[in-house]
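>>> Next comes the sequence, and after it the predicted model I'd like to discuss.
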Amino acid sequence: MSGTAGWLYDVWGSSASDVYVVGDQGTILHLDAYGWYKMPSPTENALSSIRGSSAHDILAVGSYGTILRFDGSSWTLSKNETRTHLFGVWITPDGSEYAVGQYGTILHASR
């Protein structure tokens, strides 16, 4: 069990012992060798999708255009011009980032 009663929407991991889950009210859970724990989140907005290219390069997206980045040590809120709900995110192996959402929204960023 996760230890939370909130709704959880997506899961991604870099390995079987490094798994991340996102959900309601900015919930971010992490599974490591010791079990599940809740990570500090810079938002209370619902998070609907999470993906990464490694354990040190993860994006989570959600309501009101929320985009969070994880660098292996902490989550930060990224500036975003859209306020639509974002439902999906993907990071390509070369570092391009895509997010999709309401009203045909497609966001793309290259590093």
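Noted; the coordinates are in hand.

>>> Show me how far stretch 41-48 is from its chain's centre.
Averaging C-alpha positions (C-alpha atoms, centre = their mean, to the nearest Å) puts stretch 41-48 9 Å from its chain's average.

>>> first vs last residue of that stretch, how far apart are they?
14 Å (C-alpha to C-alpha, to the nearest Å).

>>> Could you list the buried residues of that stretch?
For stretch 41-48, burial by neighbour count (16 or more other C-beta atoms under 10 Å) applies to 41, 43, 45-48. From N, CA and C alone the C-beta is placed, and that goes for glycine too.

>>> try stretch 65-81
Neighbour-count burial for stretch 65-81 flags 65-70, 75, 80 (criterion: 16+ other C-beta under 10 Å).

>>> tell me which of those is nearest to residue 99?
Taking C-beta to C-beta as the measure, residue 99 sits nearest to residue 67 out of the buried residues of stretch 65-81, at 6.7 Å.

>>> I'd like to know how far that closest one sits from residue 51.
Using C-beta to C-beta, to the nearest Å, one obtains 12 Å as the distance from residue 67 to residue 51.

>>> Spit out the residues that contact those two alike.
59, 89 (C-beta atoms under 8 Å, 6 or more residues apart in numbering).

>>> Any chance of the buried residues of stretch 65-81 in CSV with pLDDT and secondary structure as columns?
What follows is the buried residues of stretch 65-81, written out as CSV (pLDDT from 0 to 100; DSSP: H, G, I helix; E, B strand; the rest coil):
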residue, pLDDT, secondary structure
65, 95, helix
66, 96, coil
67, 96, strand
68, 97, strand
69, 95, strand
70, 97, strand
75, 98, strand
80, 80, coil
